[in-house]
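[1] Just a sequence and a predicted model for now, questions to come.
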Amino acid sequence: QVQVVESGGGMVQPGGSLRLSCVVSGATFSTYAVRWYRQAPGKEREWVAGISSVGGVTNYAVAVKGRFTVSKDNAKNTSYLQMNSLKAEDTAVYFCKVLRLPGLEAWGQGIQVTVSS
C-alpha cells in the first residue's frame, strides 16, 4: 500500500520561503511521477507543479512559475517543493500526489502553508 506524507509547512511572512517534502513508502518511487496541488479556503483544489518519474521533466502553474521549484530524490523516496517569494495568495493546504500507469495514484493528507505578516 502506497503511503504519502507531506511535511515542512507552516507560517511565513510575505517574501519568505518554505520547502515542502513528500515522503513516499510502499512503492517503487522511481516509477512514479509527482504532482503538487493546493487548496485555499473556499476554493477548489488546483494543480501547482509536476515532475516526471525520473525527474527530468517539470512543469508549473502560471501562478507559481519562477518562484516554486519541484524536485525528486528517488534514492530518498522524497519529492520537494521549494517555494520562494511567497505571497499571501499562496496560503493554502498543499497536497502531494504520486501516480503511475496504469491508473495508480495516492494522495497525501495535506499540509498547511500560511503566508501572512
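    Cool, got the structure. On a predicted model such as this, the values are computed, not experimentally measured, just so you know.
[2] Now tell me what touches stretch 59-77 from outside.
    Stretch 59-77 is contacted from outside by 23-25, 27, 29-30, 34, 36, 46-51, 54-55, 58, 78-86, 89-90, using CB atoms under 8 Å, 6 or more residues apart in numbering. (Each C-beta comes from the backbone N, C-alpha and C, glycine too.)
[3] roughly how far out does the helix or strand where residue 71 lies sit from the chain middle?
    Using DSSP states H and E, residue 71 maps to strand 68-73. The chain centroid and the centroid of strand 68-73 are separated by 8 Å under CA atoms, centre = their mean, to the nearest Å.
[4] same check, this time on stretch 100-114
    Mean-position distance between stretch 100-114 and its chain equals 8 Å (CA atoms, centre = their mean).
[5] mind checking how far the residue nearest the centre of the chain is from residue 52?
    Central residue of the chain (CA atoms, centre = their mean): residue 36, 3.4 Å from the mean position. For residue 36, the distance to residue 52 equals 13 Å [CB to CB, to the nearest Å].
[6] Give the PyMOL command for selecting the buried subset of the contacts of stretch 59-77.
    Remark: buried members of the contacts of stretch 59-77, expressed as a PyMOL selection using 16 or more other CB atoms under 10 Å:
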select buried, resi 23+24+27+29+34+36+48+49+50+51+55+78+79+80+81+83+86+90
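[7] just checking, which of the contacts of stretch 59-77 belong to helices?
    Residues of the contacts of stretch 59-77 located in helices (DSSP state H): none.
[8] Strands - which of the contacts of stretch 59-77 land there?
    Using DSSP state E, the subset of those located in strands is 23-25, 34, 36, 46-51, 58, 78-83.
[9] and residue 109, what helix or strand is that in?
    Residue-wise, residue 109 maps onto no helix or strand under DSSP H and E.
[10] That should have said residue 19, apologies.
    Applying DSSP H and E as the criterion places residue 19 in strand 18-25.
[11] Let me see the contact set for residue 22.
    Taking CB under 8 Å, 6+ apart, we find residue 22 in contact with 4, 5, 6, 34, 36, 78, 79, 80, 81, 96, 98, 108.
[12] how near is residue 69 to residue 83?
    Residue 69 is 8 Å from residue 83, by CB to CB.
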